[in-house]
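Engineer: No sequence on hand, only this structure:
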Ligand code: PHE
């Protein structure tokens, strides 16, 4: 019996050593150490042994098991280590390979213009306000000194939704909304970029939806020269340090006096070219001193407060700045167009 056990030990260990995979080792384990294995078989015959021999044989059988189990554990460890090595060898990464390029998006040119102007005004102590695109007739017109039936309403063909609501035709309603919020207490210094809507047939220079940036300052002792200085700063920021501006009389119901503002042509410097249509000047925005009625209606005392306001078309500025010849480019999302405005 002793011999059989020893033989089994030698045989099993030899097999384990020869094994080349984890599965093979496992099979050997089941074969020799399993309940139906030869060692269990041998031990079953122990009943025939004498009382002295029995414990000796039991101890030997346990030792044989242990030897085989040790050999298996050792082999497993060795095979696992080999496997890891193999994996490492087959999955090496070539760190010198060039990476596949990441496609970076570009900011929309209108976003660039809006953000540039926001930066400028935030630097001058303004805050950025927002207002709803679906607006009431009251804020879009009445609070801006345009009562119902006022002929100047025709200046802006509107998309009405109901009798009293419409898609805002300008960002100026945010003036009235902001003044109400300040409850008669200046100073107010805000800009408001946003989308506006007008009933227009789309062509190279008209779009039924476009963007404006509104500006409003209300405080004590505000004069036309504050407006001029502010707009000069904007013109120089957007079109270059050498630019001049000029104010031409105009009309808006919510400003008095009202002006149209031109910037000296950035292309020819004022001599006259195709961009400025030979005049040397390019119109960029409408502005004026806030009408006393507007201040009054929104809770400000026009005897102690004055203000200026301006509104500029973002598309127009972007078209001039980047030499874009058709307003529809902003809205067709052709990547060949938008990609050109990548900035670092
Ligand atoms: N809201 C005017 C327009 O859309 C522009 C403007 C704004 C004029 C503020 C004066 C003051 O034409």
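Structural biologist: That came through fine. It should be emphasised that the depicted structure is a prediction, and the values quoted were computed from it without experimental measurement.
Engineer: Helices along this protein, start to end?
Structural biologist: 2-18, 22-33, 38-44, 53-90, 109-123, 137-140, 173-182, 224-239, 292-297, 314-322, 329-332, 335-338 (DSSP state H).
Engineer: Just give the nearest non-adjacent residue to the residue of the stretch 1-150 of the chain found nearest the ligand, would you?
Structural biologist: Distance from the ligand to each residue of the stretch 1-150 of the chain (CB to the nearest ligand atom) is smallest for residue 144, at 8.1 Å. For the C-beta atoms, the positions are set from N, CA and C on the backbone; glycine is no exception. Spatial nearest neighbour of residue 144, chain neighbours left out: residue 254 (4.0 Å); criterion: CB to CB, 6 or more residues apart in numbering.
Engineer: Now tabulate the helices of the chain in JSON lines and tack on mean pLDDT.
Structural biologist: What follows is these, written out as JSON lines (pLDDT from 0 to 100):
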{"stretch": "helix 2-18", "mean pLDDT": "84"}
{"stretch": "helix 22-33", "mean pLDDT": "86"}
{"stretch": "helix 38-44", "mean pLDDT": "78"}
{"stretch": "helix 53-90", "mean pLDDT": "86"}
{"stretch": "helix 109-123", "mean pLDDT": "96"}
{"stretch": "helix 137-140", "mean pLDDT": "96"}
{"stretch": "helix 173-182", "mean pLDDT": "97"}
{"stretch": "helix 224-239", "mean pLDDT": "95"}
{"stretch": "helix 292-297", "mean pLDDT": "98"}
{"stretch": "helix 314-322", "mean pLDDT": "92"}
{"stretch": "helix 329-332", "mean pLDDT": "94"}
{"stretch": "helix 335-338", "mean pLDDT": "90"}
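Engineer: could you dump these to a markdown table with mean neighbour count?
Structural biologist: Shown next, in a markdown table, are those (neighbours: other CB atoms under 10 Å):
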| stretch | mean neighbour count |
| --- | --- |
| helix 2-18 | 16 |
| helix 22-33 | 16 |
| helix 38-44 | 15 |
| helix 53-90 | 14 |
| helix 109-123 | 17 |
| helix 137-140 | 19 |
| helix 173-182 | 21 |
| helix 224-239 | 18 |
| helix 292-297 | 19 |
| helix 314-322 | 21 |
| helix 329-332 | 16 |
| helix 335-338 | 12 |
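Engineer: Of all those helices, which one is nearest residue 211?
Structural biologist: helix 314-322 (3.8 Å; CB to CB).
Engineer: For residue 144, grab the count of nearby residues.
Structural biologist: 27 (other CB atoms under 10 Å).
Engineer: wait, what's in contact with the residue of the chain found nearest the ligand?
Structural biologist: At 2.7 Å from the ligand, residue 311 is the closest residue in the chain, using CB to the nearest ligand atom. Listed by CB atoms under 8 Å, 6 or more residues apart in numbering, the contact set of residue 311 reads 170-172, 212-215, 285-287.
Engineer: same thing but at 7 Å, please
Structural biologist: 170-172, 212, 214, 285-286 (CB atoms under 7 Å, 6 or more residues apart in numbering).
Engineer: Surely residue 317 and residue 112 touch.
Structural biologist: No. In this structure, residue 317 is not within contact of residue 112 by CB atoms under 7 Å, at 10.4 Å.
Engineer: picking up where we left off before, list the contacts of the residue of the stretch 1-150 of the chain closest to the ligand.
Structural biologist: Contact analysis of residue 144 by CB under 7 Å, 6+ apart lists 172-173, 176, 253-254, 294.
Engineer: Next, count neighbours for the residue lying closest to residue 169 once chain neighbours are set aside.
Structural biologist: Nearest in space to residue 169, with sequence neighbours left out and distances taken as CB to CB, 6+ apart, is residue 156 at 3.9 Å. Residue 156 has 19 neighbours, counted by other CB under 10 Å.
Engineer: Point out the residues in the stretch 101-250 of the chain that sit beside the ligand.
Structural biologist: The interface of the stretch 101-250 of the chain toward the ligand, taken as CB under 6 Å from any ligand atom, is made up of 170, 172, 214.
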